[in-house]
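1. Provided below are the primary sequence and the corresponding predicted coordinates.
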Amino acid sequence: MILLFYAFAREIAPFKRRLSRRAPLALDGLHGFRAEIGGKQFTVVGHGIGHSRASDTARRAFDLIPGAELVIGTGVVGALSSGLKPGDLILSDRTLTIHTDGQVAEQVTAVGDAHIRAVGRSLAIAGIAYSTGAILTSHRVLATGAEKRRAKESTGAIAVDMETAAIAAEAAARGIPFVAIRAVLDEVDDEVVGAAMADQDGNVRPLAATSYLLRNPATMLKLPRMIRNLSRATAAIADALTAIAHDGEVPAATRRARGPVERKSPR
């Protein structure tokens, strides 16, 4: 059984549509479902946005859902490297966290080479390009290009999110293999607009959204691009997870047209 974690529903929606035999989790305090694809059983759990929510949910999931052979953390990330574009995939080889002073990074856990190779092989067989590198987990949104570039310089990570290190640490504590496969939402110099409009589950809060847009009317011009980027990212996540489920042999019905596969080296 593969235990899959995600932050908010939109991240997983395209993949969810490809799953069969879906059934809601009947477990108190956990939001998600069980399903099947490629002959593999998936248990899919949503944890909301942020390090503490991810850590608490992962801990509870590991306690209530035994038998996981592999843990996957997925969702969107912000690029810290200039070579990454919306929809690009990151296969993390290690996870990092950053202290509250924003300067010092510490390694939480390294992902086993065997699992990196296995997932990378499935992506390559399916013709899916990806980058390998460290994902930085921040306790707050890095909203500007300047913040993201400083994080790149101080940590060496190629992408940033708010949950991966928390899930990786909980998996490592139990000796369960962990892989993070995430897709880029915003480029390194893109401003993360509207972060204040959403709650910790990624749902837009109407009052907060109205207040934010009144104070920042130019944001309206940026939202269509952000929505397009999110669609690219979530489609890439669905393709990657489908490839992993099928060990790279993706059925023609779900395979999108692709060029030659490449393993990218972000700067």
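-> In hand now; what should we look at?
2. all strands for the stretch 101-250 of the chain, in order.
-> In the stretch 101-250 of the chain, the strands defined using DSSP state E, counting those that start in this stretch lie at 105-110, 130-137, 159-161, 178-186.
3. can you redo those strands as a markdown table with mean neighbour count, mean pLDDT and distance to Ser52?
-> To be clear about C-beta, it is placed using only N, CA and C from the backbone, and glycine gets the same treatment. Converted to a markdown table, those look like this (neighbours: other C-beta atoms under 10 Å; pLDDT from 0 to 100; distance: least, C-beta to C-beta, whole Å):
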| stretch | mean neighbour count | mean pLDDT | distance to Ser52 |
| --- | --- | --- | --- |
| strand 105-110 | 15 | 62 | 15 |
| strand 130-137 | 23 | 93 | 11 |
| strand 159-161 | 28 | 94 | 14 |
| strand 178-186 | 26 | 94 | 18 |
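4. adding distance to Lys152, write those out as TSV.
-> Formatted as TSV, the strands of the stretch 101-250 of the chain follow (distance: least, C-beta to C-beta, whole Å):
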stretch	distance to Lys152
strand 105-110	11
strand 130-137	9
strand 159-161	9
strand 178-186	14
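5. wait, which of the ones you listed is closest to Ala172?
-> Of all these, it is strand 105-110 that lies closest to Ala172, at 4.3 Å by C-beta to C-beta.
6. quick revisit: tell me which of the strands of the stretch 101-250 of the chain sits nearest to Pro24.
-> Across these, the minimum distance to Pro24, taken as C-beta to C-beta, is reached by strand 178-186, at 24.0 Å.
7. if we can go back for a sec, among the strands of the stretch 101-250 of the chain, which is nearest Gly248?
-> strand 130-137 (12.5 Å).
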